[in-house]
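>>> Provided below are the primary sequence and the corresponding predicted coordinates.
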Amino acid sequence: MREPAGPTDDRSAFDFDVVPETDQSFENALAKARAGDRLTVDDGIELLTTGTEDEGVDPIRKERVLEAADRRRAEVVGDDVTFVANLNNNVTTACNTGCLFCNFKDTARRFEADHDGEHAGFTKTPAESRAIVEDALERGIYEVTSVSGLHPAFALNEEHHEILDAHDSPARDVDYKPPSVYDTDPGTYLEQMRAMSVGGVHLHSMTPEEADHARRGTEWSYEDVYRELKAAGLDSAPGTAAEILVEEVREVICPGKISTDEWVRALEGAISAGLDVTSTMMYGHVENEAHRVRHLKVLRDLQDRTGGITEFVPLSFVHQHTPLYERGVVDGGASDAEDELLVAVSRLFLDNVENVQSSWVKFGNAKALKLLNCGANDFMGTILSEEITTRAGGTYGEFRSFEEYVGMISAIGRPAVERSTDYRTRRRIDPDDPPFGPRLGPRADGTPVLDGRPPEPGDPAPADD
Ligand SMILES: C[S@@+](CC[C@H](N)C(=O)[O-])C[C@H]1O[C@@H](n2cnc3c(N)ncnc32)[C@H](O)[C@@H]1O
Ligand SMILES: Nc1c(NC[C@H](O)[C@H](O)[C@H](O)CO)[nH]c(=O)[nH]c1=O
Ligand SMILES: N[C@@H](Cc1ccc(O)cc1)C(=O)O
Ligand code: SF4
């Protein structure tokens, strides 16, 4: 008996050109996956749909796909489950891009000094960002992830401000207004990078969409922009803003965003500038399985050309408070079966990306643990603070402590391993030898990262490795 794939099963309403139909059979695709052969898009679609000949998910076939992916995960990266001690710091929610899946942003007009009325948004100055990172460093984190709205007053540097100020087209074409218009000046992107790159922390920031904003109205190349950001302290870039890398889907959910080609160019620029990058897919809204696999193909091709992608992060759409849901465009997000199959097929299809993440922010603990047996090997990070998913209606909290991590990973019988952002530094954690706190970081001293206690005289000396 087949089961409905999930609330997003009926996508016929969109009349997309790309549909999940193939000349391949499920059995052939599964045999190729088991043999470790490179999968075609049609193979991927067969596995993701558990066969295109019938609607819905076949639960027995699904288990076979999950098993193949779990085995592949064990061959490629072993049993270790990794995680990172990081902080998430969003600089501003001001954004005019208007993506219909996003409830993080607030229209920038509300941030203007002459605007009356309350709003729940925020902008942090570089000094405020620095203080937040410094506080988290004291607690033992060694990575900061920072993604933000596209504030109209953001520019790469002073020269960019001058170019945008002198721009002869109307302000709305380049989405620029000078900082003096706003209650709070976010500073330049370079100032924010310098502020957050403190005490040896690894700074993971500037999505392709943000990089595009940091060069708007100029002819600057992505590589040059990322080089300047790197010189100011940036260490790697998040491959978010990917959503679904197929134009007909982007036209529905994020018509204001850069195109697929531009997204690829941006990450290529980041990689040419010497930065590691991650890759993501936000799925479970209007797209179908054929779009999902085409998206994976874009990532696999990019990785074939560059080798710069450290991991793939599946982001399951959180629907509750988003325009897509509130306007009745979608009925909900992905089902459990869709999440499991997406993780599994990503592992099998992305044969050149080592790490696949299971994100507790998106899935919650129980499902995230299950996904570590469906092809995923990385369990994200401590993050300490989260606003994007929470504002969209996510209910899985804003941080995980080392104790929680070690407890959960041990409970599924796998080794807990703390990692650096680039995965090159690892520390195996003995679950019988607490405390489990970070020892990789610049000031980490081995105490639990989240015990909530400030350092006291007599505490172990900070490690400087
Ligand atoms: C909110 S944006 C911030 C950075 C920047 N404004 C951009 O778009 O690249 C970061 C990512 O969060 C993810 N996101 C936003 N809303 C979401 C939702 N409701 N459910 C799941 N992921 C979401 C999207 O993949 C998006 O690219
Ligand atoms: N660092 C990771 C995050 N960080 C949180 C995000 O910045 C964001 O708030 C949210 O996930 C929006 O989509 N989230 C992950 O899922 N995985 C990470 O590695
Ligand atoms: N840390 C991941 C995941 C992430 C997901 C969503 C974000 O908004 C930001 C980051 C990345 O590098 O891409
Ligand atoms: S996803 Fe990013 S660009 Fe789109 S509205 Fe949200 S904050 Fe703005």
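Received it, and whenever you're ready, just let me know what you need. Ligands and ions are numbered 1, 2, ... in the order given.
>>> drop to CA atoms for contacts and neighbour counts, all remaining ones
Will do.
>>> what's the residue lying closest to Asp79 once chain neighbours are set aside in contact with, if anything?
Using C-alpha to C-alpha, 6 or more residues apart in numbering and skipping the chain neighbours, the partner closest in space to Asp79 is Arg414 (6.0 Å). Counting by C-alpha atoms under 8 Å, 6 or more residues apart in numbering, Arg414 touches 79-81.
>>> could I get those as a markdown table with pLDDT?
A markdown table is the format used below for the contacts of Arg414 (pLDDT from 0 to 100):
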| residue | pLDDT |
| --- | --- |
| Asp79 | 98 |
| Asp80 | 98 |
| Val81 | 98 |
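>>> Can you tell me which of those residues are classed as buried?
79-81 (16 or more other C-alpha atoms under 10 Å).
>>> Closest one of those to ligand 1?
Nearest to ligand 1 out of these is Val81 (C-alpha to the nearest ligand atom; 22.9 Å).
>>> Tell me the bridge partners for that closest one.
Under DSSP bridges, the beta-bridge partners of Val81 are Ala416.
>>> how near is the closest residue to ligand 4 within the stretch 351-465 of the chain to ligand 3?
Closest residue of the stretch 351-465 of the chain to ligand 4, C-alpha to the nearest ligand atom: Ile388 (8.2 Å). Distance of Ile388 to ligand 3, given as C-alpha to the nearest ligand atom, to the nearest Å: 7 Å.
>>> these two touch, right, that residue and Phe101?
No - contact criterion C-alpha atoms under 8 Å: Ile388 and Phe101 do not qualify, at 10.7 Å.
>>> And these two? Which one has more around it.
Shown here are Ile388 and Phe101; by other C-alpha atoms under 10 Å, Phe101 has more neighbours (22 against 19).
>>> residue contacts, the more buried one?
The neighbours of Phe101, taking C-alpha under 8 Å, 6+ apart as the test, are 253-254, 317, 319, 322-324.
>>> who in the stretch 301-450 of the chain is up against ligand 1?
Counting by C-alpha under 6 Å from any ligand atom, the residues of the stretch 301-450 of the chain close to ligand 1 are 315-319, 388-389, 392.
>>> same deal with the stretch 51-200 of the chain?
Within the stretch 51-200 of the chain, the positions adjacent to ligand 1 are 101-102, 104, 147-150 by C-alpha under 6 Å from any ligand atom.
>>> Looking at pLDDT only, which of those scores worst?
Within these, Phe104 has the lowest pLDDT, namely 92.
>>> Quick check: closest non-adjacent residue to it.
Spatial nearest neighbour of Phe104, chain neighbours left out: Ile388 (5.1 Å); criterion: C-alpha to C-alpha, 6+ apart.
>>> Next: Val147.
Among residues not flanking Val147 along the chain, Asn90 sits closest, at 5.3 Å (C-alpha to C-alpha, 6+ apart).
>>> what's the neighbour count on the one you found?
Here the number of neighbours of Asn90 (other C-alpha under 10 Å) works out to 21.
>>> Just to check, it is in contact with Ser148?
Yes - counting by C-alpha under 8 Å, Asn90 touches Ser148, with 5.2 Å between them.
>>> for this protein, what helix or strand is lowest in average pLDDT?
The weakest-scoring helix or strand in the chain, judged by mean pLDDT, DSSP states H and E, is helix 171-174 (a mean of 73).
>>> any idea how far Cys95 is from Cys102?
Between Cys95 and Cys102 the distance is 11 Å, computed by C-alpha to C-alpha, to the nearest Å.
>>> Quick check: residues of the stretch 1-150 of the chain near ligand 2?
Contact residues, the stretch 1-150 of the chain versus ligand 2 (C-alpha under 6 Å from any ligand atom): 88, 145, 147.
>>> Now stretch 132-146 - C-alpha only, CSV.
The C-alpha coordinates for stretch 132-146 follow below in CSV (Å, rounded to 0.1, in the frame of the first residue of the first chain):
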residue,chain,number,x,y,z
ILE,A,132,28.0,39.1,21.1
VAL,A,133,30.8,37.1,19.5
GLU,A,134,33.2,37.9,22.4
ASP,A,135,30.7,36.7,24.9
ALA,A,136,30.2,33.4,23.1
LEU,A,137,33.9,33.0,22.7
GLU,A,138,34.2,33.1,26.5
ARG,A,139,31.7,30.3,26.6
GLY,A,140,33.9,28.2,24.3
ILE,A,141,32.5,28.5,20.8
TYR,A,142,35.0,28.8,17.9
GLU,A,143,32.7,29.4,14.9
VAL,A,144,30.2,32.1,14.2
THR,A,145,27.6,31.7,11.5
SER,A,146,26.1,35.0,10.4
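>>> I'm done for today, thanks for sticking with me.
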